[in-house]
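S.K.: Sequence and predicted structure below; questions after.
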Amino acid sequence: MVRISKITTVMFSGKKRRLFFGIAALVIMAGLMILYSRSVERTPIAPSSNNEYAKATVTAILEDYTGAEEGGGAYTGNQLVEVEITSGTYKGRTCEASNSNSYLTGAYCEEGSKVVVLVGENNGELAASVYNYDRGAGIWALVGVFFLALCLIGGKKGISASAALIFTFICIVFLYVPMMYAGVSPFWAAVIVSMLILVVSILLLDGWSAQAFCAILGTAIGVLIAGATAALFGTLCHITGFNMSDAETMIHIGDNSGLQVGGILFSGILIASLGAVMDQSVSVAAAIQEIKRNNPEFGWKRLYQSGIRVGHDMMGTMSNTLILAFVGSSVNTLIIVYAYEMPYLQIMSQYAIAIEILRGLSGTLGVILTVPVESAIAAFWLTRKKKAQGVSVS
């Protein structure tokens, strides 16, 4: 018994013990978030029916009116196909399915095509319609390749980053969205979830250290700056969540839940700016700590100036990253503006344009202001730590 006790003590000492309790804490938090998500009651909005979505394989093309053989497009016309259901209540059964091709729904079917169908039973007979291609396998394959590359190339850091990403996904899906649906202020929901993601991600990547503490504090301030900027200029420009493209759908959901539609836009800006601000903050904190390690005689002022200089290059690239990300998400809007040759006053008065500018510049301003904030925090903490050590020694 003594021998087993010694072995157990060795196994769970030091880093291994911290790793064990860290993983246990993450699993417990993830479990609590999933339980919370399930406890939120959702009011049924979609029309009730006995139909269900199921995977299916096309076994035969019965009728084809797409004009594909004569050079017609795959996004027009309709088909009547025979499908074998491969999942759900009607798995293993065969039925006919109508397929209306369009740019957003339907699928150009061929024998062997994997599709998702909306299927139901009426008087003992199955009736189905093709909803879209079955993209699940391809999407999960891409996710697998992403995590495999991250772990193989990143090593231990890559594994930690993968864990942080999974935790972030759980936070967004099982905590952030249910909180807003249940009536929590979108701003405070974003703040709570951002802080949780921030602390866990940085601790997973860097462990608990002076650098991690400074990065957490700097990122929190930077994200709040981005959110406050968005809220301020949103008020000045008369922009709220009611002006988003999906506002009507959001209002309908809000009428059947506690969702506060007006705050969704600024809540999203907080979440969107978190990654870039965190990256900036961690990089500046790491640089200042390395400078202090190699130059112990440096005081607060010199460390602060070093942090500012280090942050200059990162500031430019990270600002470009955020701006390009928002531009990439609004390419359709830009093409419409260009094609219709919209005048300046019309462009600047459009909600779609104003919202994209607000999102991009608010997040970027948070990134820019994180540099001096993080530099000041890291420089102060490292020099304060040194002074405290000197006092205790004497």
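M.R.: Everything's here; your move.

S.K.: Run through the strands of the protein in chain order.
M.R.: Along the chain, counting by DSSP state E, strands occupy 52-64, 78-85, 94-100, 114-122, 125-133.

S.K.: Pull out the buried residues from the shortest one.
M.R.: Yep, that's strand 94-100 we're talking about. By neighbour count on 16 or more other Cβ atoms under 10 Å, the buried set for strand 94-100 is 95, 96, 97, 99. Backbone N, C-alpha and C define where each C-beta goes, glycine included.

S.K.: residue contacts, the third one?
M.R.: If I follow you right, that is residue 97. Residues counted as contacts of residue 97 (Cβ atoms under 8 Å, 6 or more residues apart in numbering) are 56, 80, 81, 82, 83, 117, 119, 128, 129, 130.

S.K.: Count the neighbours of the closest residue to it other than its chain neighbours for me.
M.R.: The shortest distance from residue 97 to any non-neighbouring residue, by Cβ to Cβ, 6 or more residues apart in numbering, is to residue 128 (3.9 Å). Using other Cβ atoms under 10 Å, residue 128 is surrounded by 24 other residues.

S.K.: most tightly surrounded among the strands of the chain?
M.R.: strand 78-85 (a mean of 20; mean count of other Cβ atoms under 10 Å).

S.K.: Strand partners (parallel or antiparallel) of it?
M.R.: Applying DSSP bridges, strand 78-85 is found paired with strand 52-64 (antiparallel), strand 94-100 (antiparallel).

S.K.: Now tabulate these in JSON lines and tack on distance to residue 257 and mean pLDDT.
M.R.: Output for the strands paired with strand 78-85, formatted as JSON lines (distance: least, Cβ to Cβ, whole Å; pLDDT from 0 to 100):
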{"stretch": "strand 52-64", "distance to residue 257": "23", "mean pLDDT": "92"}
{"stretch": "strand 94-100", "distance to residue 257": "32", "mean pLDDT": "91"}
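
S.K.: among these, which is nearest residue 253?
M.R.: Residue 253 lies closest to strand 52-64 among the strands paired with strand 78-85, at 20.3 Å (Cβ to Cβ).

S.K.: That closest one versus strand 125-133: what angle between them?
M.R.: 90 degrees (axes from the mean of the first three to the mean of the last three Cα atoms, to 10 degrees).

S.K.: roughly how far out does strand 52-64 sit from the chain middle?
M.R.: Going by Cα atoms, centre = their mean, to the nearest Å, the spacing between the C-alpha centre of strand 52-64 and its chain's C-alpha centre is 34 Å.

S.K.: Give me the contact list for it.
M.R.: Outside strand 52-64, the residues touching it (Cβ under 8 Å, 6+ apart) are 77, 79-91, 94, 96-97, 109-120, 128, 131, 134, 136.

S.K.: go on, stretch 191-198?
M.R.: Under Cβ under 8 Å, 6+ apart, the answer for stretch 191-198 is 29, 164, 167-168, 171-172, 175-176, 179, 216, 219-220, 223-224, 227, 270-271, 274, 278.

S.K.: sorry, back to before: can you put the strands of the chain in TSV and add distance to residue 20?
M.R.: TSV is the format used below for the strands of the chain (distance: least, Cβ to Cβ, whole Å):
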stretch	distance to residue 20
strand 52-64	39
strand 78-85	45
strand 94-100	51
strand 114-122	42
strand 125-133	43
